[in-house]
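Visitor: Following is a predicted model, sequence given first.
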Amino acid sequence: MHPDEPDWQLTLDQQPDRTVVTVTGDLDLETAPELLARTDGVLAAGPGALVIDLSGLAFIDSSGLSALIRMNQRMAGSGRPFEIISPPRTVAKAFEITGLDQVLPLRAA
Amino acid sequence: MTQVIPEPWATDDVVVLCVPAAGAYLGVLRTATAGLAARLQFTLDEIEDLRIAVDEACAMLLPIATPDAELSCRFAVTDDALTVETSVPTTASGSRLPAESFSWQVLSALADEIDATLNGGQAAIRLTKRRPK
């Protein structure tokens, strides 16, 4: 017995100078490892910037935040630009209460 | 399978939700939490706090649950607060609940009171959010 597929979706748009990853739905214990797995190639290979578009994100918890921290560390380690854009208000709040809005490269819409 | 079990000894102010102890069911519990909190006149911000808090509490318990365990979420409503007690059967012993973890910090920022217990083969995290006046 399993519930319906988690309400989340990930798309990768690979452009010449950057990759835009759009995450929609819920980013939690279940889906955060998926995000890391499916962006592993982009994180490892480069070159170019990585942009995470959260405009369609409905929920994020500490698992999701941890995944973004790891992505930020890997991008910083390889000296490539990394940006998290357009978190909706409820999602932005999770960054604020954890103080991660001061640490991660967040940009409003 | 999701079950709503009315507790025979309780008034209508307690709701217990049991789901398999698996990450795939966190969404079910978040939705139930938001629905219940909305009926209790919590503000939108407080509903969001509760949704994340219950998710964090459950996510902390899942790694220490026994295989094929059920995760229980007990929502108790009083005049001034909503208390959610999440629990799983576990074989973990000692104080293995990660009180210094990132999840715990998030949880403490969102709930008015939190408490973790581990005894009798049961790990539980209880959180309380005061109701709007």
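Guide: Arrived safely.

Visitor: hey, let's count contacts and neighbours off CA atoms from now on
Guide: Fine.

Visitor: Low-confidence ranges, chain B, go.
Guide: Along chain B, segments meeting pLDDT under 70 span B:1-12, B:94-99.

Visitor: Spatially central residue for it, please.
Guide: B:T86 (3.7 Å; Cα atoms, centre = their mean).

Visitor: Mind listing the strands the host helix or strand of that residue pairs with, and their directions?
Guide: Taking DSSP states H and E as the definition, one finds B:T86 inside strand B:81-89. Strand B:81-89 has its sheet partners listed here by DSSP bridges as strand B:70-77 (antiparallel), strand B:122-130 (antiparallel).

Visitor: For that strand, buried residues please.
Guide: Neighbour counts using 16 or more other Cα atoms under 10 Å in any protein chain shown place B:81-89 of strand B:81-89 among the buried residues.

Visitor: how about these in CSV, adding distance to A:G41?
Guide: As requested, those are exported to CSV (distance: Cα to Cα, whole Å):
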residue, distance to A:G41
B:A81, 47
B:L82, 44
B:T83, 43
B:V84, 40
B:E85, 40
B:T86, 37
B:S87, 38
B:V88, 36
B:P89, 38
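
Visitor: Can you tell me which residues in chain B are near chain A?
Guide: Contacts of chain B with chain A, taken as Cα under 8 Å from any Cα of the partner chain, map to B:1, B:23-25, B:27, B:45, B:48, B:52, B:55-56, B:59, B:102-103, B:105-106, B:109.

Visitor: the helices in chain B, which residues?
Guide: Listed in chain order, the helices of chain B (DSSP state H) span B:26-39, B:44-61, B:102-110.

Visitor: and the nearest residue to the residue nearest to the centre of chain B once chain neighbours are set aside, what does it touch?
Guide: Nearest residue to B:T86, sequence neighbours excluded (Cα to Cα, 6 or more residues apart in numbering or on different chains): B:C73, at 4.5 Å. By Cα atoms under 8 Å, 6 or more residues apart in numbering or on different chains, the contact list for B:C73 reads B:16-18, B:29, B:84-87.
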